[in-house]
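Engineer: Fold the following for me, if possible:
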Amino acid sequence: MAKLQKPEFVYMGGKLRAWDEAKLHVGCEAVIRCAHVFEGVKGYWQPDGTFGIVMLRQHYERLRRSARLLYIPFSLTYDEFKGAIYELIGVLLKPDRDMWARPTLFAIEGHWGEDTVADLVVTAFHQDKQIPQAINLGVSTWQRSSDVSLPSRIKTGTNYQVGRLAKIEGRMRNCQDMVLLNQWGRVAEATGSCLLIVREGVVYTPPVTEGALESITVEIVEALAHSMGVKFVRRPIDRSELLVAEEIATCGTLCEVTLVKSIDDMPVVKDFSILESLQNRYLQAVRGIVPHPFVELSYLPNKLVSI
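Structural biologist: Prediction:
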């Protein structure tokens, strides 16, 4: 199991701080009521030696939407948001590692949503340059919350509590990830990523109204599928469809496109001809090997890429 990295610096309070100095007060709403929203962004070394962060503006806009839904003030401009991420990644870059960053908006002052003050905290971590290995997937006994309970379109740690419980359940069943069902018993998403299945050559994924996150990675995969002539459809997916799907994968910023080799101990029906092609095309696009017009990359300034 991967251990949490402890990089040298974080971005907090408008500047870089040592990892051990990044602290929140035990009485703030971010701690006692989990009042925070966050994003996960990924950056890759490009063939020309530059470092590109994938769909950064789209992540900024999703963070703004999450903050609005949780009534957390968010006044940072896109350039300020981008600058904070650039500054942190710039001091942590390594020539042989990609990176992912977690910008989080914490409610550091206020009470029950009144007089709320928020601070942007950015952490960043290294990741190996490798194709994700296929995983065993299970269906959890835990359930995704409904839109009138805690909307899945809010990217907040509270929404990941059920994912944490499902992860613990999965480890007991030798599963690397778990599927969460919604209140209707249909597929919502995995613990921290969305689901893709293939049936009769068509890629399907649950829509947001089924309890899935408004996934930026799914949008990328959909655009890549269309350009490859692969039909891509968003529709509800029954639990039983997982057991008869020809191919299955999870997809998200951190896991990219990860193939699934078994579901509830049952081997996936066929090989990964379609989803493996999409996995390869995704990595080619984000790494700048074969660019795609839909995949936007924000490049670190050259002065920060001086390693």
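Engineer: What is whatever helix or strand Leu120 lives in packed up against?
Structural biologist: Using DSSP states H and E, Leu120 sits in strand 114-127. Other elements packing on strand 114-127 under the criterion 3 or more Cβ pairs under 8 Å, 6 or more residues apart in numbering; DSSP states H and E are strand 9-12, helix 78-92, strand 98-111. From N, CA and C alone the C-beta is placed, and that goes for glycine too.
Engineer: Who are the packing partners of the shortest one?
Structural biologist: For strand 9-12, the elements it packs on are strand 15-18, helix 78-92, strand 114-127, judged by 3+ Cβ pairs under 8 Å, 6+ apart.
Engineer: who does the second one touch, helix- and strand-wise?
Structural biologist: Under the contact criterion of 3+ Cβ pairs under 8 Å, 6+ apart, helix 78-92 touches strand 9-12, strand 15-18, strand 51-54, helix 56-69, strand 98-111, strand 114-127.
Engineer: ok, 7 Å please
Structural biologist: strand 9-12, strand 15-18, helix 56-69, strand 98-111, strand 114-127 (3 or more Cβ pairs under 7 Å, 6 or more residues apart in numbering; DSSP states H and E).
Engineer: Give me the buried positions along the fourth one.
Structural biologist: If you call a residue buried by 16 or more other Cβ atoms under 10 Å, then strand 98-111 has these buried ones: 98-108, 110.
Engineer: low pLDDT regions in the protein?
Structural biologist: For the chain, the stretches with pLDDT under 70 are 1-2, 306-307.
Engineer: picking up where we left off before, can you check what angle separates the strand holding Leu120 from helix 56-69?
Structural biologist: Here strand 114-127 runs at an angle of 150 degrees relative to helix 56-69 (axes from the mean of the first three to the mean of the last three Cα atoms, to 10 degrees).
Engineer: still on that earlier bit, just give me the closest of the buried residues of strand 98-111 to Leu88.
Structural biologist: Checking the buried residues of strand 98-111 against Leu88 with Cβ to Cβ, the nearest one is Ala101 at 6.8 Å.
Engineer: any idea how far that closest one is from Gly27?
Structural biologist: Between Ala101 and Gly27 the distance is 27 Å, computed by Cβ to Cβ, to the nearest Å.
Engineer: hang on, the earlier thing: any chance of the helices and strands packed on helix 78-92 in a markdown table, plus distance to Gly40?
Structural biologist: Listed next are the helices and strands packed on helix 78-92 as a markdown table, based on distance: least, Cβ to Cβ, whole Å:
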| stretch | distance to Gly40 |
| --- | --- |
| strand 9-12 | 15 |
| strand 15-18 | 20 |
| helix 56-69 | 8 |
| strand 98-111 | 6 |
| strand 114-127 | 10 |
